[in-house]
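Student: build me a structure from this.
(chains A and B)
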Amino acid sequence: MNARTDIDGLDAAPRAPARTLPHPTHKLKLLLKREFWEHRGGFFWAPIWAGGISLVFTLMALVMAEVGLRRTVTERGGIQVDGQVVVNGLDLSLVTDKMSPEDLQKLADGISLSTATAMVWPLLVLGFVVFFYCLGSLYDERKDRSVLFWKSLPVSDRDTVLSKAASALLVAPALAVAVGIACMIAFLLVLSVFVLIHHGNPFALLWSPGNLLANAGMAIATIPVYALWALPSVGWLMLCSAWARSKPFLWAIMLPVFAGVFISWFDLLHLFDLQSSWFWKHVVAHLLGGVFPGSWLGAMDLEGLNASRLGDHLAALKAVYSVLATPQLWVGAVAGVAMLAASVRLRRWRDDN
Amino acid sequence: MTNFVVSARGLRKAYKNKVALDGTTFEIPAGRIVGLIGPNGAGKTTALKAILGLIPFDGDLKVLGKDPRTQRDALMNDVCFIADVAVLPRWITVAQAIEFVAGVHPRFDAAKCHRFLEGTQLKPGLKVREMSKGMIVQLHLALVMAIDAKLLVLDEPTLGLDILYRKQFYQRLLEDYFDEDKTIVVTTHQVEEIEHILTDVMFIRDGKVVLDAAMDSLGERYAEVLVNADRLDAARALKPIDERSLPFGKTVMLFDGADPARLAALGETRTPGLADLFVATMKGTYA
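Tutor: From the prediction side, this is the model:
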């Protein structure tokens, strides 16, 4: 490397116009990398912080439970389990021994569900991160005029907008899910310590494949549904970001909300046969809330789900994928693509810097 | 196909309450350094934006044989620009900027870029937001000079820089970048600083090109004469385009296309500076 630089230096001395031969480029990869460099805090650290804080709260709750438990144990001298007195605390091995298979299944389901809740915070934060990322994606670069630098490079507006949409729809959710899975593992480790203290077997109780693996697989399998469901929301927010001369946040919120109010007003007057509640639920809520994971709950076919079998991951996955059969998802996705195309055009010709 | 890098005919662009380009017509051959000079609001930046395909406009424009309105993506492989100081994104580091440009630009030479940055304070981990204005421009220039482009457009590249950075900027551009296959178009208000590096000059006023000449032809057309007080009337008969008084009774007059022999009889003659020529040409712009 050094030797080469020296030779280049000698070459340059007599001012021979050295032509740089074209080399292959990796535009999409670099564009995605650029988004990650700029938004590392939102895409990566924000879910970690959210998950970490929720873990700390879990830990505090467990410690408090433990302290409370020991106090009652010492006050009363024992805990009554199925008529048996256990001295010196709760004995979990006894609990599992005494349970019927149905009860065991229920316990496993409950544990699986509470493990899954460890992902709730990273995924909730994901919704906020994607919302504000999209709102700033094509506005901030105009505001700080760095768009002039990006546009001085041979990267088309289409590729740029696509890389930003892909960051919102795939990269950010994938990172949040990865962080969520890590949180589940950490949650199970904390619980294992608790279980061990009480002479339980954490491998049988907590680390069954039906728990961690199924929850993780379920989260990963949900990413494509998220991407399709969030498409109109991402498209709308990016369109506002590309279009607004200032305050993209206000435009993005106010336009659909005012449209909803307008329609509700006509609804009240019975002038047209417009369904204002339909509009609020399917247009306003989807445009603004679609970036939040699970906002498709209302469109899900819940029939396959059995309330008594909350840990049935296959049924839950089927219910999530039932969203793919709804026209709302596909109409929304098409609208999202159209709005992204409009954003590409706006970025190409917008001249306010 | 012509060998003009830029050929513009009848460019027209109107903003809400102002015409920025009004039938602008010019041609730029390859291997030149062209100064595009005009007062504020004369349409310089609009002309450059048109060349770079950043704005819609009317008229006929070919840059390297392509229409920047419809073939911008292909054009940007051979065209580069520095729009202004401080347009580098503030979060990016030196290393990231180099990695990004190397990854998206087929003609970017990363080794060359590193060589340009040797001996500067620009270390790989330094973020743009931690840099001074001068350092940002150093980085931007290093990135751009490592790209083997055919046309480089500079719009006020040294605005707000101190004189050390300004001198260094143009010197590097001449020594390490410019050659007969490259063309540079530059706009600036600091006329004196670039006149010695220009090969061509274009004055633009109210969206029209009012002067388009090679630098070495300026001396044949324009002359500045130091006229004594007693010859003022004789000199004025030759219709100077501008005159200004000096202390001790002498007057400097600027002539366009006057007979050199007759001018020599009036007093000491010399080739006018670009700044004086500019002032004379743009008289009454803001009136």
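Student: now tell me what touches the helix or strand where B:L277 lies from outside.
Tutor: Per DSSP states H and E, B:L277 falls inside helix B:274-281. With C-beta atoms under 8 Å, 6 or more residues apart in numbering or on different chains as the test, helix B:274-281 has contacts from B:35, B:37, B:191-192, B:195, B:198, B:201, B:203, B:205, B:210-211, B:218, B:222, B:224, B:241-242, B:252, B:254. For the C-beta atoms, the positions are set from N, CA and C on the backbone; glycine is no exception.
Student: quick one: the strands in chain B?
Tutor: Taking DSSP state E as the test, the strands found in chain B are B:4-15, B:18-29, B:33-37, B:58-63, B:79-82, B:151-155, B:183-187, B:200-205, B:208-214, B:222-227, B:242-245, B:251-256, B:267-270.
Student: the second one vs strand B:200-205, what angle?
Tutor: With axes from the mean of the first three to the mean of the last three C-alpha atoms, to 10 degrees defining the directions, strand B:18-29 sits at 170 degrees from strand B:200-205.
Student: so where's the stretch 101-250 of chain A shaky on pLDDT?
Tutor: Applying pLDDT under 70 to the stretch 101-250 of chain A flags residues A:209-210.
Student: within range of chain B, give me the residues from it.
Tutor: Those residues of the stretch 101-250 of chain A that sit near chain B, judged by C-beta under 8 Å from any C-beta of the partner chain, are A:141, A:144-146, A:148-156.
Student: wait, which of those is closest to A:H199?
Tutor: For A:H199, the nearest member of those is A:E141. The distance, counting by C-beta to C-beta, is 59.0 Å.
Student: for A:D8, report the pLDDT, please.
Tutor: The confidence metric pLDDT takes the value 42 at A:D8.
Student: and if you look at the one 4 residues further on?
Tutor: Looking at A:A12, its pLDDT reads 40.
Student: ok, now which ones touch B:A74?
Tutor: With contacts defined as C-beta under 8 Å, 6+ apart, B:A74 is in contact with B:K66.
Student: any idea how far B:L117 is from it?
Tutor: Applying C-beta to C-beta, to the nearest Å, one obtains 29 Å for the distance of B:A74 from B:L117.
Student: equivalent analysis for A:T160, please.
Tutor: Here A:T160 is placed at a distance of 26 Å from B:L117 (C-beta to C-beta).
Student: and those two? which has more neighbours close in?
Tutor: Counting neighbours by other C-beta atoms under 10 Å in any protein chain shown for A:T160 and for B:L117 shows that A:T160 has the greater number, 25 against 19.
Student: dump the residue contacts of the more buried one.
Tutor: The contact partners of A:T160, by C-beta under 8 Å, 6+ apart, come to A:31, A:150, A:347.
Student: what helix or strand is the last one on?
Tutor: To tie it back to what came earlier, the one meant is A:R347. Following DSSP H and E, the helix or strand that holds A:R347 is helix A:327-349.
Student: could you dump that helix to CSV, C-alpha only?
Tutor: Extracted C-alpha coordinates of helix A:327-349, given in CSV (Å, rounded to 0.1, in the frame of the first residue of the first chain):
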residue,chain,number,x,y,z
PRO,A,327,-57.7,-5.9,0.4
GLN,A,328,-56.8,-3.2,2.8
LEU,A,329,-53.2,-4.4,2.9
TRP,A,330,-52.8,-4.6,-0.8
VAL,A,331,-54.6,-1.4,-1.7
GLY,A,332,-52.5,0.3,0.9
ALA,A,333,-49.3,-1.2,-0.4
VAL,A,334,-50.1,-0.1,-4.0
ALA,A,335,-50.9,3.4,-2.6
GLY,A,336,-47.6,3.3,-0.7
VAL,A,337,-45.6,2.5,-3.9
ALA,A,338,-47.4,5.3,-5.7
MET,A,339,-46.5,7.8,-3.0
LEU,A,340,-42.9,6.6,-3.1
ALA,A,341,-42.9,7.2,-6.8
ALA,A,342,-44.2,10.7,-6.3
SER,A,343,-41.4,11.2,-3.7
VAL,A,344,-38.8,10.2,-6.3
ARG,A,345,-40.2,12.8,-8.7
LEU,A,346,-40.3,15.5,-6.0
ARG,A,347,-36.7,14.9,-5.0
ARG,A,348,-35.7,15.0,-8.6
TRP,A,349,-37.1,18.5,-9.3
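Student: go through stretch A:41-49 and flag the buried ones.
Tutor: In terms of neighbour count (16 or more other C-beta atoms under 10 Å in any protein chain shown), stretch A:41-49 has its buried residues at A:42-48.
Student: on that earlier part again, of the contacts of A:T160, which is the most crowded?
Tutor: A:R347 (25 neighbours).
Student: give the contact list for the closest residue to that residue other than its chain neighbours.
Tutor: If the residues on either side of it in the chain are set aside, A:R347 comes closest to A:D157, at 4.6 Å by C-beta to C-beta, 6 or more residues apart in numbering or on different chains. Listed by C-beta under 8 Å, 6+ apart, the contact partners of A:D157 are A:344-345, A:347-348.
Student: how about 7 Å then?
Tutor: With contacts defined as C-beta atoms under 7 Å, 6 or more residues apart in numbering or on different chains, the neighbours of A:D157 are A:344, A:347-348.
Student: same thing with A:P154?
Tutor: Contact criterion C-beta under 7 Å, 6+ apart gives B:73, B:76-77, B:104-105 as the residues in contact with A:P154.
Student: and residue 40, what's its pLDDT?
Tutor: Looking at chain A here, since you left the chain open. Value for A:R40, per-residue pLDDT: 94.
Student: other chain: chain B
Tutor: We have a pLDDT of 85 for B:N40.
Student: please report how far it lies from B:V153.
Tutor: The spacing between B:N40 and B:V153, counted by C-beta to C-beta, is 19 Å.
Student: who's in contact with residue 137?
Tutor: All of this refers to chain A. Counting by C-beta under 7 Å, 6+ apart, A:S137 touches A:164, A:238, A:241.
Student: that was the other one, I meant chain B.
Tutor: By C-beta under 7 Å, 6+ apart, the contact set of B:V137 is B:85, B:157, B:161, B:165, B:169.
Student: before we move on, back to that, among the contacts of A:S137, which are in helices?
Tutor: Restricting those to those inside helices, with DSSP state H as the criterion, leaves A:164, A:238, A:241.
Student: make a markdown table from these and add neighbour count to it.
Tutor: As requested, those are exported to a markdown table (neighbours: other C-beta atoms under 10 Å in any protein chain shown):
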| residue | neighbour count |
| --- | --- |
| A:K164 | 28 |
| A:M238 | 31 |
| A:S241 | 26 |
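Student: cheers, nothing more for now.
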